[in-house]
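1. mind looking at a prediction? Sequence and model below.
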Amino acid sequence: MERPLSPFMFPVWYRFQITSALSIVHRITGIGLALGSILLTWWLVAVAAGGDVFATTHAFIASPIGILLLFLWSIAFFYHLCSGIRHLAWDAGYGFELRHAYRSGYAVIAATALLTVLTWLYVFFA
Amino acid sequence: MSNAQPPKPSNATALRDDTVLRRVRHLGSARRGLGEWRLQRWTALALIPLGLYFVASMLALATSDQATAAAWLGAPVPALLTILFLVAVLVHAVVGVRSVLDDYVHHRPRLVAADLLVRAIAFVLAAAGVLAVLKLFLGR
């Protein structure tokens, strides 16, 4: 069958739409969070191990790369959370009207930005 | 035996207990997947409160020293919720990554190998994380 398959549908076969862009971002953030679960488990093991293992892990988390990763993961987490709630609403049969899908999509972006900014304001000022 | 009834046509959908497609040959298998679809939604629901709880806890802990983090993880409620969070995350991730692989890996042996690798990694992470939290909980 010579039909276009999914990896490259978005930029080549479809014009840009906010809805499909949000769908792709849901997947990308999901993969990012799955990778993040490795660091999360590493941190749990490091706390249990203590000593040098914890010191090394702590130094990595507190380094510029560690902080950058935490920042990216916070965006990914809040986006995937808000977008996931949107998907659960669809699974339950709500919000399929096009204008509702657009409105909930912009709401997901706004909520992600708000939650991320509030989180990092808290980290730096509390 | 000659008057045996043919199976009745069904309008059941993938969202219900049976599927029409599972009886269709050569047009997609649809013999499995509903269980994983549900698992994905149940873990998603569980991860809304668990994820918010864990992230809120991490705000206080991410830069704390080992003794503070160990004391928090060793307490009964954080220990329980952390284990539930980690297991739910990994189950959710395995189903999610598999659905991405399904779309992008069109070579069957590679798909099976990648899926097995993801499951093995998730299994090791779950075991390691649970063991770590149990050590802190039991060693208080």
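-> That came in fine, so what should we check first?
2. get me the contact residues on chain A for chain B.
-> Taking CB under 8 Å from any CB of the partner chain as the criterion, the neighbours of chain B within chain A are A:5-7, A:27, A:30-31, A:33-34, A:37-38, A:40-41, A:44-45, A:47-50, A:54, A:58, A:61-62, A:70, A:74, A:77, A:81, A:84-85, A:87-88, A:91, A:119, A:122-123. Using the backbone N, CA and C atoms, a C-beta is placed for each residue, glycine as well.
3. the same query, at a cut-off of 6 Å, please.
-> Residues of chain A lying close to chain B by CB under 6 Å from any CB of the partner chain are A:6-7, A:27, A:30, A:34, A:37, A:41, A:44-45, A:47-48, A:50, A:54, A:84.
4. what subset of those is buried?
-> A:27, A:30, A:34, A:37, A:41, A:44, A:45, A:47, A:48, A:54, A:84 (16 or more other CB atoms under 10 Å in any protein chain shown).
5. report the two of these separated the most.
-> A:27 and A:54 (33.5 Å; CB to CB).
6. so which residues of chain A form helices?
-> Secondary structure of chain A (DSSP state H): helices at A:9-12, A:18-49, A:51-62, A:64-91, A:98-125.
7. export those helices as CSV, with columns for mean pLDDT and distance to residue B:116.
-> Formatted as CSV, those follow (pLDDT from 0 to 100; distance: least, CB to CB, whole Å):
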stretch, mean pLDDT, distance to residue B:116
helix A:9-12, 65, 27
helix A:18-49, 94, 16
helix A:51-62, 93, 28
helix A:64-91, 96, 25
helix A:98-125, 95, 33
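8. so the most centrally placed residue in chain B, which state does it fall into?
-> In chain B, the residue lying closest to the centroid (CA atoms, centre = their mean) is residue B:91, at 1.8 Å. For residue B:91, the assignment made with DSSP: H, G, I helix; E, B strand; the rest coil gives helix.
9. with adjacent residues omitted, what lies nearest to it?
-> residue B:43 (5.1 Å; CB to CB, 6 or more residues apart in numbering or on different chains).
10. can you give me the distance of the residue nearest to the spatial centre of chain A to residue A:102?
-> Nearest to the mean C-alpha position of chain A, counting by CA atoms, centre = their mean, stands residue A:76 at 1.9 Å. Plainly put, residue A:76 is 22 Å away from residue A:102 if you go by CB to CB, to the nearest Å.
11. mind checking which helix or strand the residue nearest to residue B:91 is in?
-> In this structure, residue B:43 is located in helix B:34-61 according to DSSP states H and E.
12. show me what whichever helix or strand comes after that helix is packed up against.
-> Counting by DSSP H and E, the next helix or strand C-terminal to helix B:34-61 is helix B:66-74. Helix B:66-74 sits against helix A:18-49, helix B:108-138, with contacts defined as 3 or more CB pairs under 6 Å, 6 or more residues apart in numbering or on different chains; DSSP states H and E.
13. burial of residue B:133, as a residue count?
-> Residues near residue B:133, counting by other CB atoms under 10 Å in any protein chain shown, number 23.
14. how much space separates it from residue A:44?
-> For residue B:133 relative to residue A:44 (CB to CB), the value is 6 Å.
15. quick one: which of the helices of chain A is nearest residue B:97?
-> That would be helix A:18-49 among the helices of chain A, by CB to CB, at 5.6 Å.
16. quick check: angle from that closest one to helix B:34-61?
-> 60 degrees (axes from the mean of the first three to the mean of the last three CA atoms, to 10 degrees).
17. what angle do helix A:18-49 and helix B:66-74 make?
-> 110 degrees.
18. buried residues in helix A:18-49, which are they?
-> For helix A:18-49, by 16+ other CB under 10 Å, it's A:22, A:25-27, A:29-30, A:32-34, A:36-37, A:39-48.
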